[in-house]
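>>> here is the input, now give the coordinates:
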Amino acid sequence: MEQPVGVHDPSAERPPDGPADRRPDRPTVRHLRVGVAAAVLLTVLGGPWSTGPEASASPRLPVRTIGADLPAPSNALVTVAGAGFGHGVGMSQYGAYGMARAGAGVAAILTHYFTGTSVVSYPDTGDLRVNVVDRGARVTLRGVALAAGGGAVELVLADSAATVLTASDVVTVTPSDGALQLAVTHGDGTAVHLTTATLGVRWSGGRGMAGPATVLQVGSRTPEGAGKTRRYRWGSLALASVRRVDPDGVTRPRVEANALVDLHTEYLRGVAEMPYSWTDAALQAQAVAARTYALTHRTRVLSGCGGCTLWDDTRSQVYQGWDAESGPSGGRWVQAVAATWTSRTASLAVLYRGAPIEASYSSSTGGRTRDAASVWGSDVPYLRSVDDPWSVDRTVNPRYSAWTRTVTVSRLCTVFGLADLATIAVTARDAAGAATELEATSSDGEISTRSGATLRSALGLPSQWVTSFTVPR
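As a prediction, the model looks like this:
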């Protein structure tokens, strides 16, 4: 099940030219019933359906049969058409952009997508523990100077005095049972080896260490070989060895690293969930939504990450640290965050009955957001289905107002567990128009059903707003 995340949809990658979801995170369909005629190319388009409050939560669609159902060639490509990107619950990021372009302010955007809420000042100081290295097989640390004389890094070991390193030193951290193994390589090629149960890291010009401005560069590699390099200007870092299950099913010690960053002044500067070139009101709405999401999660300790409260990816919200605020237009994002401060200790947040909400958001929808109950199975009074016409406006959302994907007939047969494929259809949708049930039939009449979430995950579709299937004959 997709997590009720902040911006992203956890099962999806971030669109390269739009918001993540991603989830993220991070991070939906029209009625159709595909009948097939032999030896012709048949494109089945869904008819109109109700998306208002009166719509059925799971409307059954009429069966339309056209001619005999013959199997499609197994290597043929079926075209799937749809709209939107992500889980579609809460704030639509392209919707926020469209509303802002039309002149809507921050409060109007947020209260439209979060039913019955208010946007008011709320205390937001205090540290978050954001996981920035998960299941690391090896981690490298080094200071990079932003100002003359910078680059110094301080290592705080569990049972030893702090060790100060220069910009020319590199630390390699590997895990062992209950400990971290450190290899400190100096600029002259000499190396020092240390062992510690836990490791704290501070850097010049940052928290707890005076000096010229510095960023900590953190490189990591997972057991699968995936690498990541990020830079952090604010806060501090805590590393520990935690036993985790590897892809081969064996439990081994891995490095978990968490950034300790203040929510009010540090964390949001590094959040990367919306193009920073967008309008001020959209960026500020995103800042308030991201802050509110963090407020509701800052006391929820997650498992397996060394005590983190948030992930740095679409499982929570995408946090890129210094690379976010120092990149193109990053200054506009920092200004948008500052514009939502109300004092030195409080900022704007979205509240429901006086408490911060689970401020879920995703890239875009098929024209209407989804009710939380239809996606995650539990009713949330402020996560109701609302109109989102901006998501299907090509001038606002050129990439995901409509999309197509192709999949082989053999792949669909595998997903549905059929010997061959004669027809495929959406047989139920929720009130937002997202496909909740799909039905495929074989040439001998065998019927197999799958949920919309299952099909989206299996085929890697941008969303569940599927509008048509084109089955070649």
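>>> pretty sure Ser410 is in a strand, no?
No: using DSSP: H, G, I helix; E, B strand; the rest coil, the secondary structure at Ser410 is helix, not a strand.
>>> now for it: which residues touch it?
Neighbouring residues of Ser410 by Cβ atoms under 8 Å, 6 or more residues apart in numbering: Ser74, Asn75. (Each C-beta comes from the backbone N, C-alpha and C, glycine too.)
>>> apply 6 Å and report the result again.
By Cβ atoms under 6 Å, 6 or more residues apart in numbering, the contact list for Ser410 reads Ser74.
>>> how close does it get to Ala453?
To Ala453, Ser410 is 22 Å away according to Cβ to Cβ, to the nearest Å.
>>> right, and the helix or strand after the longest strand belonging to the chain?
In the chain, with assignment by DSSP state E, the single longest strand is strand 251-262. Sequence order places helix 280-297 as the next helix or strand after strand 251-262, per DSSP states H and E.
>>> what does that next one rub up against?
6, 91, 96-97, 100, 105-106, 109-110, 263, 268, 271, 273-274, 309-310, 317, 336-337, 339-340, 347-350, 356, 358-359, 361.
>>> what angle do it and strand 251-262 make?
Helix 280-297 and strand 251-262 are oriented at 120 degrees to each other (axes from the mean of the first three to the mean of the last three Cα atoms, to 10 degrees).
>>> buried ones in helix 280-297?
For helix 280-297, burial by neighbour count (16 or more other Cβ atoms under 10 Å) applies to 281-297.
>>> centre of the chain to the helix or strand that it is followed by, how far?
Using DSSP H and E, the helix or strand that follows helix 280-297 in sequence is strand 310-311. Distance of strand 310-311 from the chain centroid (Cα atoms, centre = their mean, to the nearest Å) equals 11 Å.
>>> by contact count, what packs against strand 310-311?
Packing partners of strand 310-311 (3 or more Cβ pairs under 6 Å, 6 or more residues apart in numbering; DSSP states H and E): strand 127-136.
>>> kindly export the strand it packs on (C-alpha atoms) in CSV.
What follows is strand 127-136, C-alpha atoms only, in CSV (Å, rounded to 0.1, in the frame of the first residue of the first chain):
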residue,chain,number,x,y,z
ASP,A,127,15.0,19.2,15.5
LEU,A,128,13.9,16.6,13.0
ARG,A,129,15.9,13.5,12.4
VAL,A,130,16.0,13.0,8.6
ASN,A,131,17.5,9.8,7.2
VAL,A,132,20.0,10.7,4.5
VAL,A,133,21.8,7.3,4.2
ASP,A,134,19.7,4.2,4.3
ARG,A,135,21.3,0.7,4.3
GLY,A,136,24.7,2.1,3.5
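>>> to what extent is Ala453 buried, counted in neighbours?
When neighbours are defined as other Cβ atoms under 10 Å, Ala453 has 17 of them.
>>> please, which helix or strand holds it?
Here Ala453 is assigned to helix 452-459, by DSSP H and E.
>>> what is that helix packed up against?
strand 435-441.
>>> using CSV, write down the CA coordinates of the strand it packs on.
Provided in CSV are the C-alpha atoms of strand 435-441 (Å, rounded to 0.1, in the frame of the first residue of the first chain):
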residue,chain,number,x,y,z
ALA,A,435,-9.8,2.9,-11.6
THR,A,436,-10.3,0.7,-8.6
GLU,A,437,-11.0,-2.6,-10.4
LEU,A,438,-10.0,-3.9,-13.8
GLU,A,439,-11.1,-7.1,-15.5
ALA,A,440,-9.4,-9.1,-18.2
THR,A,441,-10.8,-12.0,-20.1
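>>> tell me how far the nearest residue to His193 once chain neighbours are set aside lies from Arg231.
Distances taken as Cβ to Cβ, 6 or more residues apart in numbering put Ala183 closest to His193, at 5.5 Å, once the chain neighbours are dropped. Remark: distance between Ala183 and Arg231 (Cβ to Cβ) = 21 Å.
>>> out of those two, which sits in the more crowded spot?
Per other Cβ under 10 Å, whichever of Ala183 and Arg231 has more neighbours is Arg231, with 19 against 14.
>>> what does the helix or strand where the more buried one lies contact?
Secondary structure from DSSP H and E places Arg231 in strand 227-232. Strand 227-232 is contacted by residues Val215, Leu216, Gln217, Val218, Gly219, Ser220, Arg221, Ala259, Gly321, Trp322, Asp323 when judged by Cβ under 6 Å, 6+ apart.
>>> taking strand 251-262 as reference, get the angle to whatever helix or strand the third one lives in.
Gln217 belongs to strand 214-221 when assigned by DSSP H and E. Relative orientation of strand 214-221 with respect to strand 251-262: 160 degrees, computed using the same axes, to 10 degrees.
>>> tell me the pLDDT at the residue nearest to His193?
With respect to pLDDT, Ala183 scores 97.
>>> helices or strands up against the helix or strand hosting it?
Assigned by DSSP H and E, Ala183 belongs to strand 179-185. Contacts defined by 3+ Cβ pairs under 6 Å, 6+ apart place strand 179-185 against strand 170-176, strand 191-196.
>>> which among these is found nearest to Ser457?
Ser457 sits nearest to strand 170-176 of all those, at 31.1 Å, using Cβ to Cβ.
>>> could you name the helices and strands sitting against that closest one?
strand 138-145, strand 179-185, strand 251-262.
>>> sorry, back to before: buried stuff in the strand holding Ala183?
Per 16+ other Cβ under 10 Å, strand 179-185 contains these buried residues: Ala179, Leu180, Leu182, Val184, Thr185.
>>> please produce CSV containing the residues you listed, extended by distance to Gly86.
Listed next are the buried residues of strand 179-185 as CSV, based on distance: Cβ to Cβ, whole Å:
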residue, distance to Gly86
Ala179, 41
Leu180, 37
Leu182, 40
Val184, 43
Thr185, 43
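>>> Arg129 is nearest to which of the helices and strands packed on strand 170-176?
Minimum separation from Arg129 across these (Cβ to Cβ) falls at strand 251-262, 4.5 Å.
>>> parallel or antiparallel, list what pairs with that closest one.
Strand 251-262 sits in its sheet next to strand 127-136 (antiparallel), strand 236-245 (antiparallel), going by DSSP bridges.
>>> for the ones you listed, which one sits closest to Trp390?
Proximity to Trp390, assessed across these by Cβ to Cβ, is greatest for strand 127-136 (30.5 Å).
>>> could you tell me the average pLDDT over the closest one, please?
For strand 127-136, mean pLDDT is 97.
>>> tell me what angle that strand forms with strand 227-232.
Going by the same axes, to 10 degrees, strand 127-136 makes 160 degrees with strand 227-232.
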